[in-house]
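Undergrad: What follows is a predicted protein model with its sequence.
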Amino acid sequence: MQTNQIELSDLFTVEQMAARWPKILSQLTLRYQLRNRETNGLSMAVVRIGKRLLISEQRYQHWLAENAASAAEVVR
């Protein structure tokens, strides 16, 4: 598998992602992040199929880790 490919089994809807991680994600949080995906860098984790946005769980976790690291640097 090439690094720019996303496996179909890694793609989830907003509802599915929120259900998989209910303690840390809500549908509202995900929708806010997706609305701003072009400015916050999340677009690399999103695939659009028709009107539906699917999120790569692996790429979302990578994006979240990068943002957590950059937020920690700002706080210091």
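TA: Everything's here; your move.

Undergrad: Now do the strands in the protein.
TA: For the chain, strands defined by DSSP state E occupy the ranges 11-12, 46-49, 52-56.

Undergrad: taking these together, which one is wrapped up most tightly?
TA: Ranked by mean neighbour count, the strands of the chain are led by strand 11-12 with a mean of 20 (mean count of other CB atoms under 10 Å). Using the backbone N, CA and C atoms, a C-beta is placed for each residue, glycine as well.

Undergrad: Adding distance to residue 22 and mean pLDDT, write the strands of the chain out as TSV.
TA: Below are those laid out as TSV (distance: least, CB to CB, whole Å; pLDDT from 0 to 100):
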stretch	distance to residue 22	mean pLDDT
strand 11-12	13	97
strand 46-49	21	94
strand 52-56	15	96
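
Undergrad: Nearest approach to residue 29 belongs to which of the ones you listed?
TA: Residue 29 lies closest, by CB to CB, to one member of the strands of the chain: strand 52-56, at 12.0 Å.

Undergrad: Which residue, other than its chain neighbours, is closest to residue 60?
TA: Counting by CB to CB, 6 or more residues apart in numbering, residue 60 lies nearest to residue 45, which is 4.7 Å off, once chain neighbours are set aside.
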